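**Q** need a structure here:
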Amino acid sequence: MLLPDLVIVGYGNRGSSVASAALGMGFAPAQVAVIDADGRRVDAARRNGHQVVNADAIELACLRVAKVGSAARVAVCVDDNAAIIVVRAVRRIAPDATIQVMLKENRLENLIKAAGADDVLALDTLAGQLLAHSVL
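**A** Numbering: from 1, shown residues only. Purely as a prediction, here's the structure:
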């Protein structure tokens, strides 16, 4: 596996959107590694040219195979509750990486930051801000 510039944990709607945005910003598909345990998502990421690890990201061995320790950036796009465990594991393997997390709800934002995330984007908060901006 090549050393990735970006590792995306979770390739559902949120993770695949991050990957598309990275490609739009000039990343080559092979510069993006994807970790997901769902076979269909793994196949989709592979078809899009990404490096893929088909495993559960809460396992340190999985993070090592994905070369997380060499990545400058890690985007965590998994279930909100699982994100806490993933962030702690990523921070242990990659103490200098920028870890960004996309949550559905902001209720766990402080716990995710305490676990080691650098930035947290909560979709419910963002949606509220965008709606308020459009109507005000």
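
**Q** wait, what's in contact with residue 105?
**A** Contacts were defined as CB atoms under 8 Å, 6 or more residues apart in numbering; by that measure residue 105 touches 80, 122-124. Quick note: C-beta positions are derived from backbone N, CA and C, even for glycine.

**Q** mind redoing it with 10 Å?
**A** Residue 105 makes contact with 80, 122-125, according to CB atoms under 10 Å, 6 or more residues apart in numbering.

**Q** can you flag which of those belong to strands?
**A** Counting by DSSP state E, the contacts of residue 105 place residue 122 in strands.

**Q** residue 112: which of the contacts of residue 105 is nearest?
**A** residue 80 (8.2 Å; CB to CB).

**Q** from residue 129, how far off is the closest one?
**A** Spatial separation of residue 80 from residue 129 under the definition CB to CB, to the nearest Å is 19 Å.

**Q** which one of those two has more residues nearby?
**A** Between residue 80 and residue 129, counted using other CB atoms under 10 Å, residue 80 has the larger neighbour count: 19 against 10.

**Q** show me which of the contacts of residue 105 are buried.
**A** Taking 16 or more other CB atoms under 10 Å as the criterion, what is buried in the contacts of residue 105 is 80, 122.

**Q** just the element for residue 41, please.
**A** Assigned by DSSP states H and E, residue 41 belongs to helix 39-47.

**Q** low-confidence stretches in the chain?
**A** Segments of the chain classed as low confidence (criterion: pLDDT under 70) are 1-2.

**Q** helices of that one, residue ranges please.
**A** Read by DSSP state H, the chain holds these helices, from start to end of the chain: 13-24, 39-47, 60-65, 80-93, 109-115, 123-135.

**Q** just those helices: most buried one?
**A** Neighbour counts (mean count of other CB atoms under 10 Å) averaged over each of the helices of the chain peak at helix 80-93, with a mean of 20.
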